[in-house]
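Engineer: Dropping a prediction and its sequence here:
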Amino acid sequence: MSKEPTVRLVQQSDYQFAIYYSEEKDPIYGDEPPPLGRSQGATPSQFLLAGVANCLSDSLLFALRKFKQNPEPIETTASCEIGRNAENRLRILAIQVEIRVGVPGGSLENLDRVLAQFQDFCTVSSSVSLGIPVNVTVIDSDNHQLYPAS
């Protein structure tokens, strides 16, 4: 049975926190941009984007490797739209993720099957998408859009 994921945050100064994801490793840092913080780390929104993008990238890689395919190198970019909700509070309204595989799509066997289901196995994006739309695009090394089908 796997241990439940945990992190420990220790305030460094103002809005900067050291984030320990493993007690054996150096922390990563989170901070807010000015005027609250000093941009001495990623913002909470960037951590959310990183979690979604990392999980989707892992899921795609795992699904392709299951069919003994090598899509490397994979490069993923994630961004989000931030706006105000009905109570005029800032919220992440949508997340866009672009995954670029390092080979032509035509060289990957079972690609249609992989693309049809890899998102369903991503724990983070599947959870986040219950409240925030997560829009995923997959592009190959020839700059062809593989997903969604155009």
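Structural biologist: Everything's here; your move.
Engineer: where in this structure is pLDDT low?
Structural biologist: Flagging of the chain using pLDDT under 70 yields the residue ranges 1-2.
Engineer: At the geometric centre of it, which residue sits there?
Structural biologist: Closest to where the C-alpha atoms of the chain average out (C-alpha atoms, centre = their mean) is Ala53, at 1.5 Å.
Engineer: partner residues bridging the nearest residue to it once chain neighbours are set aside?
Structural biologist: Once flanking residues are discounted, Ala53 sits nearest to Ala78: 3.8 Å by C-beta to C-beta, 6 or more residues apart in numbering. For the C-beta atoms, the positions are set from N, CA and C on the backbone; glycine is no exception. Under the criterion DSSP bridges, Ala78 forms beta bridges with Val97.
Engineer: Contact partners for Ala78?
Structural biologist: 49-50, 52-53, 95-98 (C-beta atoms under 8 Å, 6 or more residues apart in numbering).
Engineer: Leu9: which of these is nearest?
Structural biologist: Closest approach to Leu9 among these (C-beta to C-beta): Ala50, at 15.7 Å.
Engineer: can you map out the strands along the protein?
Structural biologist: Ranges of strands within the chain are 8-13, 16-20, 28-30, 75-84, 90-100, 134-139, 145-147, based on DSSP state E.
Engineer: could you dump the ones you listed to TSV with distance to Asp112?
Structural biologist: TSV is the format used below for the strands of the chain (distance: least, C-beta to C-beta, whole Å):
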stretch	distance to Asp112
strand 8-13	42
strand 16-20	39
strand 28-30	37
strand 75-84	21
strand 90-100	16
strand 134-139	12
strand 145-147	9
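Engineer: right, so of those strands, which gets closest to Gly41?
Structural biologist: Nearest of the strands of the chain (C-beta to C-beta): strand 28-30, 3.1 Å.
Engineer: now for the closest one, which elements pack on it?
Structural biologist: strand 16-20 (3 or more C-beta pairs under 8 Å, 6 or more residues apart in numbering; DSSP states H and E).
Engineer: Which positions in the strand it packs on come out as buried?
Structural biologist: 16-17, 20 (16 or more other C-beta atoms under 10 Å).
Engineer: Next, the angle strand 90-100 makes with the longest helix belonging to the chain.
Structural biologist: In the chain, taking DSSP state H as the definition, the longest helix is helix 44-66. Going by axes from the mean of the first three to the mean of the last three C-alpha atoms, to 10 degrees, helix 44-66 is angled at 30 degrees with respect to strand 90-100.
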